[in-house]
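Novice: Fold the following.
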Amino acid sequence: MSKSNVVGVRFEEVGKVYYFDASQYPELGIDDTVIVDTRRGKQLAKIVKTNIKSAKLGQGEIKPVERPASPRDLLLRQMLADKEQEAVQIARETAKAAGYQGIKIVSAEYSFDESRLLIMLNIEADPKFNIKHFHHELSRKIKNVRIELRKIGPRDVAKAFGGMGACGLETRCCSKYMTEFTSISIRMAKTQNISLTPSEITGMCGRLRCCLLFEYEYYAKARKNLPKRKKMVQTPAGEGKVIQVLPLSQSIIVNIPEIGPRKFSKDELEKAEMDARGLVDEEKANEKAELESKRESSKASKVEQTQKNNRDQNKKHSQRSRRSRRRK
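Specialist: Below you'll find the predicted structure:
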């Protein structure tokens, strides 16, 4: 029985990793190319991970590697790349002829056996786009292949086209190393004190920049230990309102009446809060002691009054007893 040998492969340079069983080919290693069977037919892929434990991948079925790629397979893949460029050009001409000016034909991909052709396009700029009509027209020009049209978002378009990032980096993060996209919100920018000016937080795709996510968790964790904006806090210089939070330096800026904005560290705030609590506790202790003293004084006064009443009663009783004896 052959030992399990699960490998991770990619179908493109910067793409998601998929897993296949290469137990029949133990000699395969990193950067080797293989033929695998997918939902889109047979594909050429490059191995990027080896010796993966199948238990970590869940209970899903892991398909086997068909075979290692031969020099002929690599040559065929190059020929398919040329045909894919032709398919992209035909698709763009078809869209233009149909009057779809805002359509972006991003890329095309043939299956390794040339039975299927996947064309990726973005149609957000043209709400009147008729995908069925476009598919019909394209099938008339590219024959003997099953054509699949896949709509993709603006982030996928920016990744596929590549180029400089909005921040000035020579290569966009999504094109350089990001294999999947995560939801980004304006809250991430606010948490990191980033200007909400559109040009500062928008990427080349027209959406919020993916890099807003990179340090968000650290900022969110750092802010948990600091008071929020507009909250009243006690400082060494007195009480004031928080007007800015500085997570990286673990400090805040507080506007104190008659003094103005002042910066305080987390340690300074904690000490001021403890000192303030100490004064309050001391005042409470003094009030409690004074109240206890009054209670004791009142209690003593009652005892003294009770004793006096008892003496008066005893005296009256003695007087009545003497008068009673005299009458006898």
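
Novice: ranges for the helices of the stretch 51-200 of the chain?
Specialist: Taking DSSP state H, counting those that start in this stretch as the criterion, the stretch 51-200 of the chain contains helices spanning 71-97, 131-141, 154-161, 173-176, 186-191, 198-201.

Novice: buried stuff in stretch 133-145?
Specialist: Using 16 or more other C-beta atoms under 10 Å as the burial criterion, the residues of stretch 133-145 that qualify are 134, 138, 142. C-beta: built from backbone N, CA, C; applies to glycine.

Novice: can you check stretch 150-162 too?
Specialist: Those would be 152, 154-160, for stretch 150-162 by 16+ other C-beta under 10 Å.

Novice: closest to residue 8 among those residues?
Specialist: Closest approach between the buried residues of stretch 150-162 and residue 8, by C-beta to C-beta: residue 159, at 20.1 Å.

Novice: how about the closest residue to that closest one other than its chain neighbours, what does it touch?
Specialist: Closest residue in space to residue 159, ignoring its immediate chain neighbours: residue 174 at 4.0 Å, by C-beta to C-beta, 6 or more residues apart in numbering. Going by C-beta atoms under 8 Å, 6 or more residues apart in numbering, residue 174 touches 14, 155, 158-159, 181, 210.

Novice: want to try TSV for those residues, with pLDDT and distance to residue 26 as columns?
Specialist: Listed next are the contacts of residue 174 as TSV, based on pLDDT from 0 to 100; distance: C-beta to C-beta, whole Å:
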residue	pLDDT	distance to residue 26
14	88	28
155	93	39
158	92	40
159	92	35
181	90	36
210	93	38
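
Novice: Those into CSV, with extra columns for distance to residue 27?
Specialist: Below are those laid out as CSV (distance: C-beta to C-beta, whole Å):
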residue, distance to residue 27
14, 27
155, 38
158, 39
159, 34
181, 36
210, 38
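
Novice: Helices along the stretch 201-328 of the chain, start to end?
Specialist: 216-223, 266-327.

Novice: TSV please, covering these and showing distance to residue 101, mean pLDDT and mean neighbour count.
Specialist: Formatted as TSV, the helices of the stretch 201-328 of the chain follow (distance: least, C-beta to C-beta, whole Å; pLDDT from 0 to 100; neighbours: other C-beta atoms under 10 Å):
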stretch	distance to residue 101	mean pLDDT	mean neighbour count
helix 216-223	37	91	15
helix 266-327	56	71	11
